[in-house]
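J.: Below are the sequence and a predicted model; questions follow.
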Amino acid sequence: MHENAHSSFSKVPAVTLTFWVTKILATTLGETGGDAVSMSMNLGYVAASLIFYCYFCRGCSRASRLQGVQPFSILGCHHCNNHSGTILADFVDRSLGLGYAGGTLILFVLLMGSLAVWYKSAGSVSVQTITSPKVEIFYWGTILFSQTLGTALGDWMADTNGLGYEGGAFVFGTGLALVSAAYVFTTISCTLLFWAAFILTRPLGATLGDLLDKPVDHGGFAFSRYGASGILVVLIAACILFLPQNAGTHPGHDQKAS
């Protein structure tokens, strides 16, 4: 996927190792935090979804008015998006009675449709081109579908296919390793690899989150949802404060991100 040559700063952080570490921590927090609000607080999927959607829309509106990369603001949007994705996936899979397989298929179609509309409108789905409010809207909408799909896929692999949480984490971790190898050793489009990795981080986070807070007799470590979420918040804050979070740049062609 090649774009017309121009040089500008994206409002999304550069896609580096720090980006991916923070992203995986945030997706894991999305699982534990989403379950804490919808289940531990007994608010249910609909009420919890509305809460996080309101914070998500408010955060996106604020982020769109800010100049350059604002790590805490961007991550706050991702955080609410992760929670919303977790709760929405549970609502589609369980409350609507579609099951993990049916929910995963529908969400995959919605994600592909979102990417197709974004590409048709903007000519690229690279995150390095997120320099305008219109493209930001496409980005956050696509992220929501990818997070929801990832949660459904993670639950499907861990529960229905009998892999357990450790097995699910291993499968998705292996998938990320293969994407990383393709990035290093092949000429496959970095934009394609980015979205493949982005989708895979969500089920990895979902299975890791379940691994942390599920009972021992269900294959988990039996942390409380609140305790696990608190630990993850501290780790994410440390990543933002002590590791570099620079703006991504779009140099005009589909090259490897540094």
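T.: Noted; the coordinates are in hand. Residues are numbered from 1 along each chain as shown.
J.: give the contact list for A36.
T.: A36 sits next to R225, Y226, S229 when contact means C-beta atoms under 8 Å, 6 or more residues apart in numbering. To be clear about C-beta, it is placed using only N, CA and C from the backbone, and glycine gets the same treatment.
J.: Excluding chain neighbours, give the residue nearest to the first one in space.
T.: This points to R225. Once flanking residues are discounted, R225 sits nearest to A36: 3.8 Å by C-beta to C-beta, 6 or more residues apart in numbering.
J.: quick revisit: considering the contacts of A36, which possesses the most neighbours?
T.: Counting neighbours by other C-beta atoms under 10 Å, S229 comes out on top of these with 25 neighbours.
J.: Relative to A182, how far out is that residue?
T.: 33 Å (C-beta to C-beta, to the nearest Å).
J.: Next: A152.
T.: 24 Å.
J.: Same check on V233?
T.: 32 Å.
J.: Which of the helices or strands spans L110?
T.: Element membership of L110, judged by DSSP states H and E, is helix 99-122.
J.: next helix or strand past that helix?
T.: That would be, after helix 99-122 and using DSSP H and E, helix 133-155.
J.: what helices or strands is that next one leaning on?
T.: Under the contact criterion of 3 or more C-beta pairs under 8 Å, 6 or more residues apart in numbering; DSSP states H and E, helix 133-155 touches helix 17-35, helix 44-65, helix 71-90, helix 99-122, helix 190-213.
J.: Comparing those helices, which yields the minimum mean pLDDT?
T.: In terms of mean pLDDT, the lowest-scoring of these is helix 71-90 (a mean of 64).
J.: Between A152 and A182, which is the more surrounded one?
T.: Shown here are A152 and A182; by other C-beta under 10 Å, A152 has more neighbours (31 against 16).
J.: Now for the closest residue to A47 other than its chain neighbours, how many residues are close by?
T.: Leaving aside its chain neighbours, A47 sits nearest to S38 (7.9 Å; criterion: C-beta to C-beta, 6+ apart). A total of 23 residues lie near S38 under the criterion other C-beta under 10 Å.
J.: isn't there a strand covering S38?
T.: No. S38 is assigned helix when assessed by DSSP: H, G, I helix; E, B strand; the rest coil, not a strand.
J.: Any buried residues in whichever strand or helix holds A169, and which?
T.: Assigned by DSSP H and E, A169 belongs to helix 164-185. Buried residues in helix 164-185, counting neighbours by 16 or more other C-beta atoms under 10 Å, are found at G164, Y165, G168, A169, V171, F172, G173, G175, L176, V179, A182, Y183.
J.: can you check stretch 201-209 too?
T.: Neighbour count says stretch 201-209 has T201, R202, P203, L204, G205, A206, T207, L208, G209 buried, by 16+ other C-beta under 10 Å.
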